[in-house]
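[1] Need the 3D shape of this:
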Amino acid sequence: MQQLGENLYAVNYNVTEVEIEGNIQFNYDVAIFDHIPTYDDLVNALIRTRYSACQELALHRQREEKITEFQEYYDYCESCKVTAREIL
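    Numbers count the residues shown, from 1 in each chain. Presented below is the predicted three-dimensional model:
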């Protein structure tokens, strides 16, 4: 986590190392917060990179009909929790 300014924080995740023309560089995604993020803030931000709140509600309502889609969503949410714990 990096403090970018007063009440502005960046969290880098999905960090991968790549070699480009003999130089090591890093690719990553960034979540920006206007406060020090909590575990719940991080999990929510990570989930939002793939699912909107409306999509989540739809998946929950249809989890009996869309079993495979719901399982993919659930697995992704669990991976977001692991990532958030690793960041903190």
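
[2] pull the longest helix from this protein.
    helix 67-87 (DSSP state H).

[3] all strands of this protein, in order?
    2-5, 8-20, 23-33 (DSSP state E).

[4] tell me, what residue is most central in this structure?
    The centroid of the chain falls nearest to residue 46 when counting by Cα atoms, centre = their mean (1.8 Å).

[5] pLDDT wise, what is that residue at?
    Residue 46 carries a pLDDT value of 94.

[6] does it really touch residue 84, like I thought?
    Yes - Residue 46 lies in contact with residue 84 (Cβ atoms under 8 Å); the separation is 6.5 Å. C-beta here means a position set from N, CA and C on the backbone, and glycine is covered the same way.

[7] Nearest residue to residue 69 in space, please, no chain neighbours.
    Nearest residue to residue 69, sequence neighbours excluded (Cβ to Cβ, 6 or more residues apart in numbering): residue 59, at 6.3 Å.

[8] what does residue 49 give?
    Nearest to residue 49 is residue 29, by Cβ to Cβ, 6+ apart, at 7.0 Å.

[9] Ok, residue 41 next?
    Excluding its sequence neighbours, the residue lying closest to residue 41 (Cβ to Cβ, 6+ apart) is residue 33, at 6.3 Å.

[10] which ones are touching that neighbour?
    8, 9, 10, 11, 41, 45 (Cβ atoms under 8 Å, 6 or more residues apart in numbering).

[11] out of those, who has the most neighbours?
    Highest neighbour count within the contacts of residue 33: residue 11, with 21 neighbours (other Cβ atoms under 10 Å).

[12] Surely that residue is in contact with residue 3?
    No - Residue 11 lies out of contact with residue 3 (Cβ under 8 Å); the separation is 10.9 Å.

[13] Which strands or helices does the lowest-mean-pLDDT helix or strand in the chain pack on?
    Ranked by mean pLDDT, DSSP states H and E, the helix or strand of the chain with the weakest confidence is strand 2-5, at a mean of 89. Packing partners of strand 2-5 (3 or more Cβ pairs under 8 Å, 6 or more residues apart in numbering; DSSP states H and E): strand 8-20.
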